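[1] I'll drop the sequence and a predicted model, then ask my questions.
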Amino acid sequence: MKDVFHSNGFKVLIITVFVLFGLMLTTAGSGGSFAGNAFGILSTPMERISTLVTNNAAAAAQSATQSKEELAEENPRLKREVNDLNHKLINYYTYQQENAQLRKFLELKSKNEDFQPVSAEVIARDPSNLYNQFTIDQGSSSGIAAYDPVVTESGVVGWVSSVSANYSRVTTIFSPDTKISSIDKVNRESGVVSADAKLADQGLIKLGYLQANTKVKAGDIVVTNGIGGIYPRDLALGTVKSVKHDPYDVSLYAEVKPFVDVTTVRDVMVITSFQGQGQALEDSGMTSSSSSQEGK
């Protein structure tokens with residue numbers, strides 16, 4: 001019996017009794033808040049773990065209750081829903097693009113009531129072409145014909161060089177095949193806009209056949225003058241960057257930075273009809289050499 005009182009187990013029991021008795025006294029003095037809080041601190045993490053395990057078990061049980069047949073039926077349904085969402089997304093982007101094109105169409109039409117423009121989208125580019133030739137998604141079925149001018153709201157892009165029923169090829173203003181009768185809008189001096197490989201590589205075109213005493217200067221705006229019936233009047237071309245002597249001629253020319261970046265353009269408008277379209281080149285006071293450059 002004496003050994004029992006001196007054993008380690010008895011000592012632990014006595015200490016435990018004293019601790020519990022102390023807790024009871026503290027609880028009585030504080031209205032039970034201490035014991036409740038202590039119990040809460042110990043029990044709350046266990047409750048959270050219990051809830052998590054229960055929820056996961058419920059989800060697993062729900063999945064386990066689905067048969068192979070039910071899963072096989074659900075898979076095609078989910079695929080159909082994904083396809084429907086993809087089609088809706090494609091339609092959304094299509095409507096968004098069409099609305100943007102329509103706004104540009106109406107803006108161009110309101111400023112030029114005689115224009116008959118057709119909206120088109122760039123669908124392919126020729127990576128081997130030095131002059132950024134591209135293909136649009138409209139053709140003869142939309143009224144487009146060869147030599148129709150191609151523009152954006154910012155200015156001239158180029159011209160239609162070949163046409164099929166549902167698509168067309170566009171030659172840009174960087175091509176040596178492009179010749180546009182133009183005028184400096186500031187001082188009204190006329191010339192011909194053209195390009196070559198060296199200029200195209202720099203993203204420039206040139207206003208050629210300028211007079212020796214030309215007043216064309218950097219910052220001037222160059223536009224079409226409508227002569228020859230290929231392009232309407234006052235279509236924006238670009239801004240003069242500098243004036244230089246032509247190494248192969250006695251005349252001067254101006255390097256011009258186009259308003260439209262034809263390398264990145266995505267939406268264009270083809271002007272299929274305008275007042276004065278196709279009229280013969282009339283005497284405009286230009287030199288015979290410059291007059292011979294108009295057309296393609």
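    Looks like it came in fine.

[2] where along this protein do the strands fall?
    Using DSSP state E, the strands of the chain run over 117-125, 134-136, 149-152, 155-163, 168-172, 180-184, 190-194, 205-210, 221-225, 233-245, 252-258, 267-271.

[3] Find the one among those strands with the highest mean neighbour count.
    Ranked by mean neighbour count under mean count of other C-beta atoms under 10 Å, the strands of the chain are led by strand 180-184, which reaches a mean of 26. C-beta here means a position set from N, CA and C on the backbone, and glycine is covered the same way.

[4] you'd agree P258 is up against L235?
    No: judged on C-beta atoms under 8 Å, P258 makes no contact with L235 at a distance of 11.6 Å.

[5] Show me whatever sits in contact with both of the two.
    Counting by C-beta atoms under 8 Å, 6 or more residues apart in numbering, the shared contacts of P258 and L235 are G155, V156.

[6] related to what we said a few turns ago, I'd like the strands of the chain laid out as TSV, including distance to A72.
    Putting these into TSV (distance: least, C-beta to C-beta, whole Å) gives the following:
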stretch	distance to A72
strand 117-125	40
strand 134-136	45
strand 149-152	52
strand 155-163	52
strand 168-172	49
strand 180-184	65
strand 190-194	66
strand 205-210	64
strand 221-225	65
strand 233-245	62
strand 252-258	59
strand 267-271	45
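
[7] Now those strands in a markdown table, please, with extra columns for distance to E81 and mean pLDDT.
    Formatted as a markdown table, the strands of the chain follow (distance: least, C-beta to C-beta, whole Å; pLDDT from 0 to 100):
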| stretch | distance to E81 | mean pLDDT |
| --- | --- | --- |
| strand 117-125 | 29 | 94 |
| strand 134-136 | 35 | 97 |
| strand 149-152 | 39 | 94 |
| strand 155-163 | 42 | 96 |
| strand 168-172 | 39 | 97 |
| strand 180-184 | 53 | 96 |
| strand 190-194 | 54 | 95 |
| strand 205-210 | 52 | 94 |
| strand 221-225 | 52 | 95 |
| strand 233-245 | 48 | 94 |
| strand 252-258 | 47 | 96 |
| strand 267-271 | 32 | 94 |
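
[8] Nearest to G143, out of those?
    Closest approach to G143 among the strands of the chain is made by strand 117-125 (6.2 Å; C-beta to C-beta).

[9] the inter-axis angle of that closest one versus strand 168-172?
    90 degrees (axes from the mean of the first three to the mean of the last three C-alpha atoms, to 10 degrees).

[10] Note down every partner strand of strand 117-125 and its orientation.
    strand 134-136 (antiparallel), strand 267-271 (antiparallel) (DSSP bridges).

[11] Please verify my assumption that Q277 contacts G229.
    Yes: counting by C-beta under 8 Å, Q277 does reach G229; the two are 5.4 Å apart.
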